[in-house]
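[1] Got a predicted structure plus its sequence, pasted below:
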Amino acid sequence: MINDSESVTAPSPDAAPAEGVDLPLVEGEDFYVENGLYVFTAKFLLRRGYCCGSGCRHCPYPKEP
């Protein structure tokens with residue numbers, strides 16, 4: 001999980017989308033901004049198709065032991 005003290009940079013508009021993800025992302029549906037940080041929704045994370053292991057708040061994938 002990302003702490004408030006950590007910063008996250010939004011992907012560049014010119015960056016290639018992750019495999020299985022169609023751009024553009026829709027605020028409120030794919031992500032929301034909280035305290036200046038981007039928080040991805042479970043809907044977006046499922047569409048992405050894999051767990052990145054970063055401890056995302058809305059990760060729909062089972063936690064590995």
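    The structure has been received and is ready for your questions.
[2] residues contacting C51?
    For C51, the contacting residues are 45, 59, 61, by CB atoms under 8 Å, 6 or more residues apart in numbering. C-beta coordinates here come from the backbone N, C-alpha and C atoms, glycine included.
[3] got it, and V33?
    Here V33 is in contact with 27, 39 (CB under 8 Å, 6+ apart).
[4] and T41, how many neighbours?
    19 (other CB atoms under 10 Å).
[5] Name the residues of stretch 53-65 that are buried.
    Within stretch 53-65, the residues scored as buried using 16 or more other CB atoms under 10 Å are 56, 59.
[6] With adjacent residues omitted, what lies nearest to D30?
    F44 (4.0 Å; CB to CB, 6 or more residues apart in numbering).
[7] so the one you found, which of the three states?
    helix (DSSP: H, G, I helix; E, B strand; the rest coil).
[8] residues touching it, list them.
    21, 25, 29-31.
[9] Just flag the most distant two among those.
    V21 and E29 (12.8 Å; CB to CB).
[10] Settle it for me: which of these two has more neighbours?
    Neighbour tally, V21 and E29, criterion other CB under 10 Å: the higher count belongs to V21, 13 against 10.
[11] Looking at the contacts of F44, which are in strands?
    Taking DSSP state E as the definition of strands, these contribute F31.
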